[in-house]
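> no FASTA, just this:
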């Protein structure tokens, strides 16, 4: 089986599990499933940060269980804390992460890596809960931006890639891949505009901004992997590497999109 075949087959199997969960899982089951996903990503993050195996498992378990406990423990205060988590992620991805990549920080300290893992992963879990509560169409609509961009960038980069996007961080990514992703998302925005009647220009600005943070999330994980001397965050997903490899762009895109949706809902 070719690498592309493995990649497509794994994606199909993931969708076969993910789509029914989005459509029919009640909120509490969805929260458990997504906490499990975030826990697996946390374990890979800990291993990339060179935590000892036992410490990595403990970190992943505590992060997943801690996130899962937040809504029932906080009760009526959970929406306010959920918004705070989203704001924390927005600050990290729009301010800290670009500087981290620009200055190529190593941040090898275990405590720093542990805190960053929480900042990256727990708001992603909070965003998944928020978007799921708004309905399958909203969640799929946001996640489709990342999926379309990732797929288009992969094929455009393979076919036309000549100019490296960030060779010191991720040599495989090219400006041509980004251009292909932008073109595909422009088509996606056109379809959404035609179906929903939303202004095309506004949608183009939104998808362009989300493409930027999607690439940022991808590059951030690539830099951490490069520092760790690892090609993939794990090997659980044939053709895709680890869970963190699969959701790296989502960790940046979902909180930003959720923050935008929160702002629109409160402005209405």
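Received the coordinates, thanks. Worth saying up front: this structure is predicted, and the values here are computed from it rather than measured.
> strands of the stretch 101-250 of the chain, start to end?
Here the stretch 101-250 of the chain has its strands, by DSSP state E, counting those that start in this stretch, at 164-166, 170-174.
> need the contact list for the closest residue to residue 150 other than its chain neighbours.
In space, and not counting its chain neighbours, residue 150 is closest to residue 249: 6.4 Å by CB to CB, 6 or more residues apart in numbering. Yep, even glycine has a C-beta here, placed from its N, CA and C like the rest. With contact taken as CB atoms under 8 Å, 6 or more residues apart in numbering, residue 249 is in contact with 146, 149, 150, 214, 215, 217, 218.
> among those residues, which ones are in helices?
Judged by DSSP state H, helices contain the following of those: 146, 149, 150, 214, 215, 217, 218.
> redo the residues you listed as a markdown table? Include pLDDT, neighbour count and distance to residue 50.
Formatted as a markdown table, the ones in helices among the contacts of residue 249 follow (pLDDT from 0 to 100; neighbours: other CB atoms under 10 Å; distance: CB to CB, whole Å):
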| residue | pLDDT | neighbour count | distance to residue 50 |
| --- | --- | --- | --- |
| 146 | 95 | 25 | 28 |
| 149 | 96 | 26 | 31 |
| 150 | 93 | 20 | 27 |
| 214 | 97 | 28 | 27 |
| 215 | 97 | 23 | 26 |
| 217 | 97 | 25 | 21 |
| 218 | 96 | 26 | 22 |
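> which of those lies closest to residue 163?
Distance to residue 163 across the ones in helices among the contacts of residue 249 (CB to CB) is lowest for residue 215, with 14.4 Å.
> surely that closest one and residue 179 touch.
No - with contact defined as CB atoms under 8 Å, residue 215 does not reach residue 179; the gap is 11.7 Å.
> now for the closest residue to residue 123 other than its chain neighbours: which residues touch it?
In this structure, residue 123 finds its nearest non-sequential neighbour in residue 89, 3.5 Å apart by CB to CB, 6+ apart. For residue 89, the contact set (CB under 8 Å, 6+ apart) comprises 119, 120, 123, 124, 127, 252, 255, 256, 259.
> sweet, I'm off.
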